[in-house]
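Trainee: What follows is a predicted structure for the sequence shown.
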Amino acid sequence: MNKPLPTAIIGGGPVALAAAAQLVKRNMPFILFERGTHIASSVLSWKHVRMFSPWEFNIDTAAKELLMESGWHAPVKDHMPTGLELINEYLLPLSQLKQLQPFIHLQSSVKAIYRKGFDKMKTAGRDLAPFIIEYEQHGKLLRKEASAVIDATGTWLTPNPMSTSGHPAEGEINNKDHIQYGIPDILGADKGRYARKNIVVVGSGHSAIQSLTLLNELKMEIPETTIHWVLRKQKVSDAFGGGENDGLPARGALGTRANQYVQQGNVQVHTPFLIDELRKESETLSLHGTKLDKAYSLDKIDEVIVATGARPDFSFLSELRYAADTAVESVPQLADLIDPNIHSCGTVRPHGEAELRQPEKDFYIVGSKSYGRAPTFLLATGFEQVRSVVAALAGDFIAAREVQLHLPETGVCSVSRSQEISDNNNSCCTPAPKKVTIRPIEVTTISSGCCSPKNESTSCKTDRGC
C-alpha cells in the first residue's frame, strides 16, 4: 500500500509550525520549506522588538501539547516576548521535536507550485493530481510531491515602498544603501548607523511607532540625533490608535508614547507629506513630494526607515488557481472584514477553512499573507486558521466549521457616540462576537458590528496595526 503524500507547508514561522503541529496531532504527514538558514528566519530580523501580545496569544494549542509531552515548560503567559524569545523559548524547541525536525527543510526557497501533469488551463482530473513543489536548496532545483499545500509565507519579506503609488519612489532603489525597511535594531547592531544622524521614519502604523520609540531612546542617550516622522495622514493624531481602550495595553501604549514624543518636540512631524522622489546630494538624501498639494521637501537626510506595511508575494503560485481580493490582496472572503476603508475597529471575527478555501482544491493561504496588504494580524488568528484547515484536510468537517477564538479588542473606532446609539448597536463600536460558528455557505454571528461583513451604514476610516 502506498504511503499517503504529505501536506506541504511553505514558510517556517509561527503559523507554519503551528500547521505542522496540527498535522502531527492528526497523524498526517507533512513537509515544511523554510527559505532561511534558521527556523523562523523572518522573525530573526525583528528579534530585538518586544511583541505587544503576551505569550497567551502566541502559542498554538497543538504545539503546546507536543512540547509539554517532551518536558517543555511553558513561559509565563502574561509576559510579552521579544522576537528572539519567541524563537528560543517556543519556535526552536518546537522545530526540534522528533515529530517535526526530520520533515523541516531549511535553505529551501520555493520557486513554483503546480499540479503534476497539469498547467493552469487544464481542468479534467485536476483535483486528483498531486501538487509538485519546486524548490532550490544549496544551488540545486529539487521537487517534492504533496497532497495539499498550506502557504504560510507571510508578507514581511516584501515590504511596501515609501511612495503613495505602490511603486518605488524615483531614486528609492538607487539609494537603497540609505534605506532600511521594517524595524531596524537601532539600539543594538544598527546603533552606529543612526546615532548623531538626521533620520526620517516613513509610515503611520505600529512598526513606524516602534522605530520612533527606539530612536527616541537613542536620542535620550545621544541628543545630536534628529528624528523626522513622515505620514500620509491628514492629522498625526490619527496614528495614535486606541490608547487605554486597547485590549492589549502594550499596543495601546505605542500611540500614547508617540504622542508624547511629538508633544516633547523630540520628533518633527511632516504630514500629510506624499513622497515621490529621493535625490542624492553629496553624502545625504533629499526627499521630495507634496504637502497639501504644494511642493515640499526634506533635505540633508542621512537615513530613511520605511515602515509602510507589506504585501504578499504570489510569484511562485502562477500555475495554481488562487484568488485574491483586487484591492487588499487578501483571501477574497476576508476582504470586507479587514479592509481599512470599510472596517475600523481592527478586531476581526474568527474565521476558518470555509473563508480560506481557494479555487484550487486543497490549497490554502493562511497567516498574515491571508490578510494581504491589510495591516493587522495576531498570531492567535493564524493558529485558529490552520487548526480549521488541517481539520478539513483530515475530513473532520465538524471541527473545521466550529471556529472559536477570543481576541483582545483594539479600542479603535471612527464613529461618534451619537451614531453608535442611532445605529442600535450596529456600529463599528459594537463589541465583536466572542463565538461564531462557520459553515460552508453562511456565517452566523451574534451581532453585526465592525467585525462582521461590510456595514453600509457606517464609515470606517482608521488605520490599524498589530
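Mentor: Cool, got the structure.

Trainee: what residue ranges in the stretch 301-450 of the chain score low on pLDDT?
Mentor: Residues of the stretch 301-450 of the chain meeting the criterion pLDDT under 70: 343-348, 406-450.

Trainee: what about the helices in it?
Mentor: 335-338, 353-356, 379-393, 397-401, 417-422 (DSSP state H, counting those that start in this stretch).

Trainee: Next, format those helices as a markdown table and append mean neighbour count and distance to P161.
Mentor: From N, CA and C alone the C-beta is placed, and that goes for glycine too. Formatted as a markdown table, those follow (neighbours: other Cβ atoms under 10 Å; distance: least, Cβ to Cβ, whole Å):
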| stretch | mean neighbour count | distance to P161 |
| --- | --- | --- |
| helix 335-338 | 22 | 21 |
| helix 353-356 | 21 | 28 |
| helix 379-393 | 25 | 26 |
| helix 397-401 | 16 | 38 |
| helix 417-422 | 12 | 36 |
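
Trainee: TSV please, covering the ones you listed and showing distance to S204.
Mentor: Shown next, in TSV, are the helices of the stretch 301-450 of the chain (distance: least, Cβ to Cβ, whole Å):
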stretch	distance to S204
helix 335-338	17
helix 353-356	28
helix 379-393	22
helix 397-401	37
helix 417-422	24
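
Trainee: A18 and D60 touch, don't they?
Mentor: Yes. Counting by Cβ atoms under 8 Å, A18 touches D60, with 3.7 Å between them.

Trainee: quick one: contacts for the residue nearest the centre of the chain?
Mentor: Centroid check for the chain by Cα atoms, centre = their mean gives S368 as the closest residue, at 3.8 Å. S368 is in contact with 15, 154-156, 310, 377, 382, counting by Cβ atoms under 8 Å, 6 or more residues apart in numbering.

Trainee: if you set the cut-off to 10 Å instead, what comes out?
Mentor: 11, 13-15, 42, 152-156, 310, 312, 330, 374-379, 381-382, 466 (Cβ atoms under 10 Å, 6 or more residues apart in numbering).

Trainee: Repeat that for H48.
Mentor: Listed by Cβ under 10 Å, 6+ apart, the contact partners of H48 are 82-84, 183-190, 210, 214.

Trainee: Name the member of those with the most neighbours.
Mentor: Counting neighbours by other Cβ atoms under 10 Å, I186 leads the contacts of H48 with 26 neighbours.

Trainee: related to what we said a few turns ago, where does the residue nearest to the centre of the chain sit relative to T158, distance-wise?
Mentor: Using Cβ to Cβ, to the nearest Å, S368 is found at 11 Å from T158.

Trainee: and what of L214?
Mentor: In terms of Cβ to Cβ, L214 sits 23 Å off from T158.

Trainee: Give me the phi and psi for V15.
Mentor: Main-chain torsions, V15, degrees, to the nearest 10: phi -70, psi -40.

Trainee: Can you tell me the number of residues neighbouring it?
Mentor: As a burial measure, V15 scores 27 neighbours (other Cβ under 10 Å).

Trainee: Now do it, the pLDDT please.
Mentor: pLDDT, V15: 98.

Trainee: Assess the claim that it and Y364 are in contact.
Mentor: No. Shown here, V15 and Y364 do not form a contact pair, counting by Cβ atoms under 10 Å, at 11.2 Å.

Trainee: Common neighbours of the two, please.
Mentor: Common neighbours of V15 and Y364 are listed as 150, 152, 370, 385-386 (criterion: Cβ under 10 Å, 6+ apart).

Trainee: what sits up against stretch 390-399?
Mentor: Under the criterion Cβ under 10 Å, 6+ apart, residues 7, 18-28, 30, 62, 147-148, 150, 352-354, 356-357, 362, 364, 387-388, 400-403, 439-440 lie in contact with stretch 390-399.

Trainee: Counting only strands, which of these make the cut?
Mentor: Among those, the members found in strands (DSSP state E) are 7, 30, 148, 150, 364.

Trainee: hmm, which two among the residues you listed are most spread apart?
Mentor: By the measure Cβ to Cβ, F30 and Y364 form the most distant pair in those, at 13.2 Å.

Trainee: Which of those two has more residues huddled nearby?
Mentor: Y364 (27 against 24).

Trainee: List the residues that contact that one.
Mentor: Each residue near Y364 by Cβ under 10 Å, 6+ apart is listed here: 7, 19, 148-152, 322, 331, 353, 356-358, 370, 385-386, 388-390, 392-393.

Trainee: how close does it get to D336?
Mentor: Y364 is 19 Å from D336, where distance means Cβ to Cβ.

Trainee: Return the residues in contact with S315.
Mentor: Contact analysis of S315 by Cβ under 10 Å, 6+ apart lists 110-112, 158.

Trainee: Dump the residues you listed to JSON lines, plus pLDDT.
Mentor: Formatted as JSON lines, the contacts of S315 follow (pLDDT from 0 to 100):
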{"residue": "V110", "pLDDT": "98"}
{"residue": "K111", "pLDDT": "98"}
{"residue": "A112", "pLDDT": "98"}
{"residue": "T158", "pLDDT": "95"}
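
Trainee: Which one (most neighbours) among these?
Mentor: V110 (23 neighbours).

Trainee: ok, and the closest non-adjacent residue to that one?
Mentor: Counting by Cβ to Cβ, 6 or more residues apart in numbering, Y135 is the residue found nearest to V110 once chain neighbours are left out, at 4.7 Å.

Trainee: can you check I179 too?
Mentor: Closest residue in space to I179, ignoring its immediate chain neighbours: V304 at 4.8 Å, by Cβ to Cβ, 6+ apart.

Trainee: Quickly list the domain ranges of this protein.
Mentor: Using automatic domain parsing, the domain parsing of the chain gives 7-157+310-401, 176-306.

Trainee: which one of these lies closest to T164?
Mentor: Comparison of the domains of the chain against T164 by Cβ to Cβ identifies domain 176-306 as nearest, at 4.9 Å.
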